[in-house]
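Peer 1: Build me a model from this:
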Amino acid sequence: QVQLVESGGGLVQAGGSLRLSCAASGRSFSSNVMGWFRQAPGKEREIVSSINWSGGVADYVDSVKGRFTITRDNAKNMVYLQMNSLKPEDTAVYYCAVRIGAHYNYWGQGTQVTVSS
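Peer 2: Numbering: from 1, shown residues only. As a prediction, the model looks like this:
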């Protein structure tokens with residue numbers, strides 16, 4: 001059974017940092033793109049960042065470029081999101097997901113990130 005479990009969320013002041021982790025189990029995703037999404041109250045879910053299988057190519061939504069860094073450890077079946085210089089508008093539930101083909105098919109349960117001003 002495939003399972004993705006996020007951790008590392010919490011409450012932080014603006015300008016602070018958090019590191020999100022996502023542990024995958026049930027199968028290896030070392031050949032798959034993995035991504036981080038977020039959904040704020042009243043807003044649609046948006047992709048924040050994605051990383052290719054080797055970790056050599058990463059993409060970011062414009063609003064987090066230069067502040068967030070996605071990495072992965074295929075040996076541990078883990079993906080991480082380092083978030084620096086956090087802003088109140090980063091407040092959301094953050095989800096990790098795995099892309100199979102053209103779609104993100106596997107999702108975690110999410111972890112809450114709250115940034116206070």
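Peer 1: Ramachandran coordinates for the spatially most central residue of the chain?
Peer 2: For the chain, the residue nearest the mean C-alpha position is Trp36 (2.8 Å; CA atoms, centre = their mean). With angles defined as degrees, to the nearest 10, Trp36 sits at phi -120, psi 130.
Peer 1: quick one: contacts for the spatially closest residue to Ser50 that is not a sequence neighbour?
Peer 2: What sits nearest to Ser50 in space, not counting adjacent residues and going by CB to CB, 6 or more residues apart in numbering, is Gly35, at 3.9 Å. In short, each C-beta sits where N, CA and C put it, glycine included. The contact partners of Gly35, taken as CB atoms under 8 Å, 6 or more residues apart in numbering, are 47-51, 96-99, 104.
Peer 1: same thing but at 7 Å, please
Peer 2: 47, 49-50, 97, 99, 104 (CB atoms under 7 Å, 6 or more residues apart in numbering).
Peer 1: what are the pairing partners of the strand or helix carrying it, and which direction each?
Peer 2: Remark: Gly35 resides in strand 34-39, with elements defined by DSSP states H and E. Partners of strand 34-39 in the sheet, by DSSP bridges, are strand 46-51 (antiparallel), strand 92-100 (antiparallel).
Peer 1: so of those strands, which one's packed in deepest?
Peer 2: strand 92-100 (a mean of 21; mean count of other CB atoms under 10 Å).
Peer 1: quick revisit: who does the residue nearest to Ser50 form a beta bridge with?
Peer 2: Beta-bridge partners, per DSSP bridges, of Gly35: Ser50, Ala97.
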